[in-house]
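K.L.:
sequence unknown, structure follows:
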C-alpha cells in the first residue's frame, strides 16, 4: 500500500484554505451552497470558514499526527451535520491512519465534504455506506444513540473512535478588586465563541458560571446582552429548524416566567435566580448564567457533558479540573471554538473493539 497519507492530508488542507479565502476561485458559489444547506446566515458561514476552519494548521503538526497513528489498510469516517467545518478535522484524522479513507456525509450536511473532496483532487472517497472490517478504524460523530447503535453493529476488531454530544461552559471569577476594566473585552471574546455555528457545536458555550457576587453576575449579563446585540448586527443568527424553534420558544417562556431574562440579538441571556442551578439552554445564542459559590464543584457535576471550558480569572482551575474530570479543553475565552489538532477533542481514546463477529452499517 502506497503510504501517501501526508500528501493527501496536505491536499485537503489546500482545499480548506481555498474555501476559507473569500477571494478564492469558486468561493462565492461554495458559500452560497453552505448558506442554503446549513441555515446559517451568509455572515455566519463566512465567520465559520475564516475563524473556525483550521486551514492554517502547520505541515509539521499534520506530519506529527500521522507519525503517531498506525498505518491501516482502510479508515472510515461518519460525519454529523451540526458543524460543517468539522468535516475537515474528521477527514484529516481518517487520512492520518490510512490513505484509503472512506467518508459518509450526513444527508443534511454534504456540501462541505463534497467540496473538500473535489477541491483536493479526490484525496478521500465519499461513499453512501461504510463497511469497516477487522483491523480498520471508524471515526464516528453523532448522537449518543447513534454511537451506541454503531458500536453494537461493528465487527470485532474494528477500532471505534466515538465523538458524541457535549457542550461548552464559560467561567467568570470575580476579581478581588470589583473594578474590572478587562471584563468587557473578555465578554466580547466569549460571544465570538457563542455565535459560531449558532451554538450547535459540542464546543459551543451554553452555560456561564459566575463565581462572585450577584451584582458582578448582573454586570456580566449586561455586557453579554450588549455584545450579542452587536454580534447580531454584524453576524446575524441564521434560521432555526422546527424542533430548534420549538425548544427556543419553550425555553423563553420558562425563563421569562422565572424572571431575570433579557433578549440579546435573536437569542437571550438568563440570570438564574437560584444560586448554583444549571439549566442547559437550547441552541440559537441562548445563555444560562448561574451564580456559584464554588465554580469547581459545579463544573465537576457537569463533567460528563463538558467538552471545553473557557476561563476568565481562574488560572488554578485547569489543573484541578484535570484531576477531577479528566482531559477536557481548558482555554481562554474566544478560543473555545478553535481546538488544536492534537488535543482531547480529537484524540479521545477509542472504544475497545467489540466482541461481535458480524455486522456493519
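P.N.:
Looks like it came in fine. Keep in mind the model is a prediction, meaning the values are calculated, not measured.

K.L.:
What is the helix or strand hosting residue 112 packed up against?
P.N.:
Applying DSSP states H and E as the criterion places residue 112 in helix 111-119. Identification of packing neighbours for helix 111-119 by 3 or more CB pairs under 8 Å, 6 or more residues apart in numbering; DSSP states H and E yields helix 5-20, helix 27-38, helix 86-97, strand 125-126. For glycine as for every other residue, the C-beta is placed from the backbone atoms N, C-alpha and C.

K.L.:
most packed of the ones you listed?
P.N.:
Compared across these, helix 86-97 shows the largest average neighbour count, a mean of 26 (mean count of other CB atoms under 10 Å).

K.L.:
Tell me what angle it forms with helix 5-20.
P.N.:
170 degrees (axes from the mean of the first three to the mean of the last three CA atoms, to 10 degrees).

K.L.:
Point out where the stretch 1-150 of the chain drops to low pLDDT.
P.N.:
Applying pLDDT under 70 to the stretch 1-150 of the chain picks out residues 1-2.

K.L.:
quick revisit: which one of the helices and strands packed on helix 111-119 lies closest to residue 159?
P.N.:
Nearest of these to residue 159, taken as CB to CB: helix 86-97 at 8.2 Å.

K.L.:
and the angle from the closest one to helix 111-119?
P.N.:
Going by the same axes, to 10 degrees, helix 86-97 makes 50 degrees with helix 111-119.

K.L.:
And for helix 86-97, what's in contact with it?
P.N.:
Helix 86-97 is contacted by residues 5, 8-9, 12-13, 16, 53-55, 62, 65-66, 69-72, 75-77, 79-80, 101-103, 105, 109, 112-113, 116, 123-124, 137, 139, 141, 161, 201, 341, 346 when judged by CB atoms under 8 Å, 6 or more residues apart in numbering.

K.L.:
coming back round to it: using a markdown table, lay out the helices and strands packed on helix 111-119 together with distance to residue 302.
P.N.:
A markdown table is the format used below for the helices and strands packed on helix 111-119 (distance: least, CB to CB, whole Å):
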| stretch | distance to residue 302 |
| --- | --- |
| helix 5-20 | 32 |
| helix 27-38 | 28 |
| helix 86-97 | 22 |
| strand 125-126 | 36 |
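
K.L.:
which stretch among those comes nearest residue 261?
P.N.:
Of the helices and strands packed on helix 111-119, nearest to residue 261 by CB to CB is helix 27-38, at 27.5 Å.

K.L.:
sorry, back to before: identify whichever of the helices and strands packed on helix 111-119 lies nearest to residue 206.
P.N.:
Here helix 86-97 is closest among the helices and strands packed on helix 111-119 (CB to CB), at 17.5 Å.

K.L.:
how much space between residue 100 and residue 74?
P.N.:
Using CB to CB, to the nearest Å, one gets 5 Å for the distance from residue 100 to residue 74.

K.L.:
which stretches of the stretch 151-300 of the chain have low pLDDT?
P.N.:
Ranges of the stretch 151-300 of the chain meeting pLDDT under 70: 178.

K.L.:
mind listing the helices for the protein?
P.N.:
5-20, 27-38, 42-47, 59-67, 86-97, 111-119, 144-153, 183-195, 214-234, 242-258, 295-302, 317-325 (DSSP state H).

K.L.:
before we move on, the earlier item: report the buried members of the contacts of helix 86-97.
P.N.:
Buried subset of the contacts of helix 86-97 (neighbour count, 16 or more other CB atoms under 10 Å): 5, 8-9, 12-13, 16, 53-55, 62, 65-66, 69, 72, 75-77, 79-80, 101-103, 105, 109, 112-113, 116, 123-124, 137, 139, 141, 161, 201, 341, 346.

K.L.:
tell me the domain boundaries of the protein?
P.N.:
The record's domain split for the chain, according to automatic domain parsing, is 5-163, 167-326.

K.L.:
would CSV of these with distance to residue 336 be doable?
P.N.:
Output for the domains of the chain, formatted as CSV (distance: least, CB to CB, whole Å):
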stretch, distance to residue 336
domain 5-163, 10
domain 167-326, 4
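
K.L.:
Residue 151 and residue 159 touch, don't they?
P.N.:
No. Under the criterion of CB atoms under 8 Å, residue 151 is not in contact with residue 159, lying 11.8 Å apart.

K.L.:
before we move on, the earlier item: residue 334: which of the domains of the chain is closest?
P.N.:
Nearest of those to residue 334, taken as CB to CB: domain 167-326 at 3.1 Å.

K.L.:
now do the same end-to-end measure for the closest one.
P.N.:
Start-to-end span of domain 167-326 (CA to CA, to the nearest Å) is 16 Å.

K.L.:
Centre of the chain to it, how far?
P.N.:
A distance of 15 Å separates the centroid of the chain from that of domain 167-326, by CA atoms, centre = their mean, to the nearest Å.

K.L.:
Then stretch 94-102?
P.N.:
With CA atoms, centre = their mean, you get 22 Å for stretch 94-102.

K.L.:
how many neighbours does residue 259 have?
P.N.:
Residue 259 has 10 neighbours, counted by other CB atoms under 10 Å.

K.L.:
List the residues that contact it.
P.N.:
Per CB under 8 Å, 6+ apart, neighbours of residue 259: residue 273.

K.L.:
Next, it: phi, psi?
P.N.:
Backbone geometry at residue 259, expressed as degrees, to the nearest 10, gives phi 100, psi 170.
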